[in-house]
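> structure for this input, please:
(one chain, ligands or ions: 3)
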Amino acid sequence: MSEKDKRYSVVIAGGGSTYTPGFVLSLIANQDRFPLRKLKFYDNDAERQKKIGDACAIIMKERAPQIEFSYTTDPKEAFTDVDFVMGSIRVGKYHMRELDEKIPLRYGVNGQETTGPGGMAYGMRSIPAIIEIIDWMEKYSPNAWMINYTNTIAIVAEACRRLRPNAKVINICDMPVEIMTRMAKICGLNDYHDLDVNYYGLNHFGWWKEVRDKKTGKDLMPLLKKHISENGYWIGGEFDKETETSWAETFKKAKDCYALDPETLPNTYMQYYYFPQYEVKNADPNHTRTDEIREYRQKIVFGECARIVKAGTAKGNIWEANAEHSNYIVDICHAIAYNTHEKFFANIPNNGAIANIDSDSIVEVPCWFGADGVQPMATGMAGRFQKGLIEEQQACEKLVVDAYEQHSYTKMWQAFALNKTVPDASVAKKILDDMIPENKPYWPELN
Ligand SMILES: NC(=O)c1ccc[n+]([C@@H]2O[C@H](COP(=O)([O-])OP(=O)(O)OC[C@H]3O[C@@H](n4cnc5c(N)ncnc54)[C@H](O)[C@@H]3O)[C@@H](O)[C@H]2O)c1
Ligand SMILES: O=P(O)(O)OC[C@H]1O[C@H](O[C@H]2[C@H](O)[C@@H](O)[C@@H](O)O[C@@H]2CO)[C@H](O)[C@@H](O)[C@@H]1O
Ligand SMILES: [Mn+2]
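Residues are numbered from 1 along each chain as shown. Ligands and ions are numbered 1, 2, ... in the order given. Below you'll find the predicted structure:
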């Protein structure tokens, strides 16, 4: 069979994820450009995965019967004969996410999934699980690529850099393309594919310094700056109709983040670093994003899967409209499979991509994606303001991986104490001391 006719085998690690049905629908929708012969799910929670797996089996039978579909909790079965691993696991599931959010809030510190102490706690849990998956992939399918969404991406990527430097793993985030689709709509274009950008920073910690219409080359920054200074990334109307309340607030808050540096356009996550006191004041310590997800996304996804299984058909399912999150990972697999050299974003060792940042820092920058992986774009110099922020934040991310490697309590405490979201070292210690017993099943013992 020629390369042109090749059909691919994909395993979704985290088969029980709320995003899995979206991945399946996007994969099916892209069969003309990224054809599959096999699709598998892997999860370490058989019961959770079965609920999603049984519904997806029906979707696959109805829409793509030519693709062999299965789900398993056995790593050998999961990772044998695959070309791509899509990483989407959440170690400790929503129970631990809730604690990541609520423990810092006990002490008046921002409680968020991937930023501040919560993000560092979550990253520490993800490291061994991702390393384990990489090792299985390399053992059972040595030519495969892992495209990983599993958070906390910056910490996972730093752990990959140190512990598995040659692994074929690419750590990605959907936030830049989600924001770019908003930018495209603001400019009367369709989605992120229509824009050519210069963007730099860390994961959930970055700035656009150039946005152009890909077709005409027109500078879109003046138009975007005007809109964002008035509305943030909020668009309203049909496009924002389904946006959940907390995400709506986030897109609107970008207006205040933009005001702090009107030369660049901010990633929405900057709100947690620029305005931590505001975030805490607006948070309900007894009802955080995890509660919202339990009430909405998780309930809807698992409810819909149960409905499909009961009806024995997926006709009229809620995932008809493709989500950015799942389309993006399929776009990336396609770019690697067909060596397209399209420009997306990856979290990779800097190596000069941001000229005045250490070469061994993990940075998030535009990269060209092809059969040999990713080639970063040179983004130029970080501004003085950004450079200061980046260096503080990336030191926190490195300290977490130091703590993991050295089983060091002090390094983890330093990581919390240094973070911009934490007011002082005694508060950092209280948060860490509350987190340690809760994370006992997942973290190394810290001495
Ligand atoms: N990078 C990004 O931009 C981005 C965007 C969205 C979501 N995410 C990430 O995607 C992941 C999934 O999110 P979700 O909200 O759907 O989570 P979820 O809790 O619904 O699903 C995660 C699944 O992972 C499984 N799991 C946990 N530990 C595992 C392990 N060691 N091995 C195999 N499976 C394991 C769980 O059993 C669960 O079924 C999270 O890491 C989330 O942070 C990343
Ligand atoms: O609070 P959540 O679980 O809804 O989202 C956390 C993730 O947010 C970013 O991704 C998506 C999000 O998954 C999706 O629901 C939507 O609202 O848009 C966001 C931006 O594309 C973020 O990039 C992830 O890393 C977070 O895990
Ligand atoms: Mn992300």
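
> tell me which helix or strand comes right after the helix or strand bottoming out on mean pLDDT in the chain.
The helix or strand with the lowest mean pLDDT-type score in the chain, counting by mean pLDDT, DSSP states H and E, is helix 237-240 (a mean of 89). Going down the chain from helix 237-240, the next helix or strand is helix 245-260, by DSSP states H and E.

> run through who's touching the least confident helix or strand of the chain.
182, 185, 234, 248, 251 (C-beta atoms under 8 Å, 6 or more residues apart in numbering). Where C-beta positions appear, they are placed from N, C-alpha and C, glycine not excepted.

> which of the three states applies to A346?
strand (DSSP: H, G, I helix; E, B strand; the rest coil).

> count of residues packed around it?
25 (other C-beta atoms under 10 Å).

> next, the contact list for it, please.
170-172, 364-365, 367, 369, 374, 376.

> who wins for neighbours among those residues?
For those, neighbours tallied by other C-beta under 10 Å; top is E364, 29 neighbours.

> how about low-confidence regions in the stretch 301-447 of the chain?
The model of the stretch 301-447 of the chain has pLDDT under 70 over residues 320-322.

> quick one: the strands in the chain?
8-13, 36-42, 68-72, 84-87, 145-148, 169-171, 195-202, 205-213, 265-266, 342-349, 362-370, 373-376 (DSSP state E).

> could you flag which of the contacts of helix 237-240 are buried?
Among these, those scoring as buried are 182, 185, 234, 251 (criterion: 16 or more other C-beta atoms under 10 Å).

> for the nearest residue to the first one once chain neighbours are set aside, give its distance to ligand 2.
Meaning R182. Excluding the flanking residues, the one nearest R182 by C-beta to C-beta, 6 or more residues apart in numbering is Y233, at 4.5 Å. Y233 sits 11 Å away from ligand 2 when distances are taken as C-beta to the nearest ligand atom, to the nearest Å.

> equivalent analysis for P423, please.
From P423 to ligand 2 the distance is 24 Å (C-beta to the nearest ligand atom).

> what's near enough to touch that residue?
So P423 contacts 108-109 (C-beta under 8 Å, 6+ apart).

> off-centre distance for stretch 239-246?
Centroid displacement of stretch 239-246 relative to its chain, using C-alpha atoms, centre = their mean, to the nearest Å, is 19 Å.

> can you give me the buried ones in it?
For stretch 239-246, using 16+ other C-beta under 10 Å, the buried residues are D240.

> and stretch 142-149, by the same measure?
144-149.

> about what we covered before: which of the contacts of A346 sits closest to ligand 2?
Set against ligand 2, the nearest of those by C-beta to the nearest ligand atom is I172 (9.3 Å).

> that closest one: what's it in contact with?
Here I172 is in contact with 147-149, 153, 328-329, 332, 344-347 (C-beta under 8 Å, 6+ apart).

> flag every residue of the stretch 151-300 of the chain that's near ligand 2.
151, 173-175, 178, 247, 289, 293 (C-beta under 6 Å from any ligand atom).

> do the stretch 301-447 of the chain as well
Residues of the stretch 301-447 of the chain lying near ligand 2 (C-beta under 6 Å from any ligand atom): 324-325.

> enumerate every residue touching the nearest residue to K253 once chain neighbours are set aside.
With C-beta to C-beta, 6+ apart as the criterion, K253 has its nearest non-adjacent residue at 4.7 Å, and that residue is Q271. If you count contacts by C-beta under 8 Å, 6+ apart, Q271 has them with 250, 253-254, 256-257, 278-279.

> the same query, at a cut-off of 7 Å, please.
250, 253, 257, 279 (C-beta atoms under 7 Å, 6 or more residues apart in numbering).

> in this structure, which residue sits closest to ligand 3?
C173 (3.3 Å; C-beta to the ion).

> that residue and I318, how far apart?
The gap separating C173 from I318 is 24 Å, by C-beta to C-beta, to the nearest Å.

> for Y272, same thing?
30 Å.

> over to E242?
11 Å.

> same question, I133
29 Å.

> same question, R97
R97 is 23 Å from I318, by C-beta to C-beta.

> higher neighbour count, those two?
Shown here are R97 and I318; by other C-beta under 10 Å, R97 has more neighbours (24 against 15).

> just to check, the more buried one is in contact with T290?
Yes. The pair R97 and T290 qualifies as a contact (C-beta atoms under 7 Å) at a distance of 4.8 Å.

> among the contacts of I172, which one lies nearest to ligand 1?
Y149 (3.9 Å).

> doesn't I89 make contact with the closest one?
No. If you go by C-beta under 7 Å, Y149 and I89 don't touch, sitting 9.0 Å apart.

> quick one on the thing from earlier: ok, now which ones touch the residue of the chain closest to ligand 3?
153, 203-204, 345, 347, 364.

> farthest-separated two in those?
Greatest spatial distance in these: H204 and F345, 11.7 Å, computed using C-beta to C-beta.

> residues contacting Q414?
By C-beta under 7 Å, 6+ apart, the neighbours of Q414 are L399.

> one more: H341?
Counting by C-beta under 7 Å, 6+ apart, H341 makes contact with 368-370.

> sorry, back to before: which one of the contacts of C173 is nearest G119?
So of the contacts of C173, ranked by how close each gets to G119 (C-beta to C-beta), first place is H204, at 7.8 Å.

> the residue nearest to that closest one when sequence neighbours are not counted: neighbour count?
Ranked by C-beta to C-beta, 6+ apart and with sequence neighbours excluded, the top spatial neighbour of H204 is Y269, at 3.7 Å. The number of residues packed near Y269 is 24, by other C-beta under 10 Å.

> next one: K226
11.

> pick out the residue of this structure closest to ligand 1.
G16 (2.6 Å).

> burial count for that residue?
27.

> just F385 next, same as before
13.

> do the same with I12
Neighbour tally, I12, other C-beta under 10 Å: 30.

> that one against T20, yeah?
Yes. Counting by C-beta under 7 Å, I12 touches T20, with 5.7 Å between them.

> identify the contacts common to the two.
F41.

> helices along the stretch 301-447 of the chain, start to end?
324-337, 384-406, 409-418, 425-438 (DSSP state H, counting those that start in this stretch).

> next, format those as TSV and append distance to ligand 3.
Below are the helices of the stretch 301-447 of the chain laid out as TSV (distance: least, C-beta to the ion, whole Å):
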stretch	distance to ligand 3
helix 324-337	9
helix 384-406	14
helix 409-418	19
helix 425-438	22
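
> get me the contact residues on the chain for ligand 1.
So the chain meets ligand 1 at 13-14, 16-19, 43-45, 48-49, 88-91, 93-94, 129, 149-151, 153, 173-175, 325 (C-beta under 6 Å from any ligand atom).

> helices or strands next to whichever helix in the chain runs longest in the packing?
In the chain, with assignment by DSSP state H, the single longest helix is helix 116-140. In terms of contacts (3 or more C-beta pairs under 7 Å, 6 or more residues apart in numbering; DSSP states H and E), helix 116-140 is packed against helix 75-79, strand 84-87, helix 93-106, strand 145-148, helix 153-163, helix 384-406, helix 409-418.
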